[in-house]
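> coords please:
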Amino acid sequence: MTAHLTIVDHPLVQHKLTLMREAETSTKSFRQLLREISLLLAYEVTRSLPMTTKRIDTPIEPMSAPTIEGKKLALVSILRAGNGLLDGILELVPNARVGFIGLYRDPATLKPVQYYFKVPDSLADRLTIVVDPMLATGNSSVAAIDLLKAAGANNIRFLCLLAAPEGVARMKQAHPDVPIITAALDSHLNDHGYIVPGLGDAGDRMFGTK
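The predicted structure is shown next:
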């Protein structure tokens, strides 16, 4: 773990990730596992939310009880694969505001191409958590965070399932103020920009499109 990169090594996270890596895991099981693992990762990415107290009445007596401070946090999914992480986190934080950034990777250049951008207002006053299962080249995540900062976000965290060293380095260079939380840091990228050993294309495996 570094200040910029946190690897969540909880046994349940690692066990579920292994099941997701297996080539024979079905689309249905992959989706369910992604939903389950996103809940576990959400605990880590929200660990340092600002807290305050409020007065409440328990059945026994009044007390000052801890509660999250400030505006509702914003969850921003990088389409389409980010939605798999998004659904699970929303179970844990159902009042979060939700945004979407549509980016696809040009297969020739591996550069991101934007086709959609819709995010909550008042991002300057919210913790913004960007979700995308794979941090590979880092180009899409850097582009997404560029857009969010232009929209006013200044407290951003990036949550992914798998990361490659190339993507982590790219993010650290472009956005050193954005912590990365992931379940694993894999070996490297292959010639097609896929994480090795990885788990294949998360979107295709999630939606059964390949």
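> which strands and helices sit next to the worst-scoring helix or strand of the chain on mean pLDDT?
Ranking every helix and strand in the chain by mean pLDDT, DSSP states H and E puts helix 202-207 at the bottom, with a mean of 84. Helix 202-207 sits against helix 27-45, with contacts defined as 3 or more C-beta pairs under 8 Å, 6 or more residues apart in numbering; DSSP states H and E. Glycine gets a C-beta too; all of them are placed from N, C-alpha and C.
> can you give me the mean pLDDT across the helix it packs on?
For helix 27-45, mean pLDDT is 92.
> so where is this structure shaky, pLDDT-wise?
1-2, 110, 210 (pLDDT under 70).
> top strand in it by residue count?
strand 97-105 (DSSP state E).
> ok, back up a step: what does the least confident helix or strand of the chain contact?
The contact list for helix 202-207 (C-beta atoms under 8 Å, 6 or more residues apart in numbering) reads 20, 25, 27, 30-31, 34, 80-81, 84, 133-134, 161, 199, 209-210.
> and the furthest pair within those residues?
Thr25 and Arg80 (19.0 Å; C-beta to C-beta).
> what are the ranges of the helices in the protein?
Counting by DSSP state H, residue ranges of the helices within the chain are 11-21, 27-45, 82-92, 139-150, 165-174, 202-207.
> the first one to helix 27-45, inter-axis angle?
The reference is to helix 11-21. Per axes from the mean of the first three to the mean of the last three C-alpha atoms, to 10 degrees, the angle that helix 11-21 makes with helix 27-45 is 150 degrees.
> buried residues, helix 11-21. List them.
Val13, Lys16, Leu17, Met20 (16 or more other C-beta atoms under 10 Å).
> next: the shortest one.
Counting neighbours by 16+ other C-beta under 10 Å, one finds that the buried residues in helix 202-207 are Ala202, Gly203, Arg205, Met206, Phe207.
> swap in the longest one?
Judged by neighbour count using 16+ other C-beta under 10 Å, the buried positions of helix 27-45 are 30-42, 44-45.
> also stretch 99-110?
Buried, per 16+ other C-beta under 10 Å, within stretch 99-110: Gly99, Phe100, Ile101, Gly102, Leu103.
> same list, those, but as CSV with distance to His4 please.
Output for those, formatted as CSV (distance: C-beta to C-beta, whole Å):
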residue, distance to His4
Gly99, 23
Phe100, 25
Ile101, 21
Gly102, 26
Leu103, 22
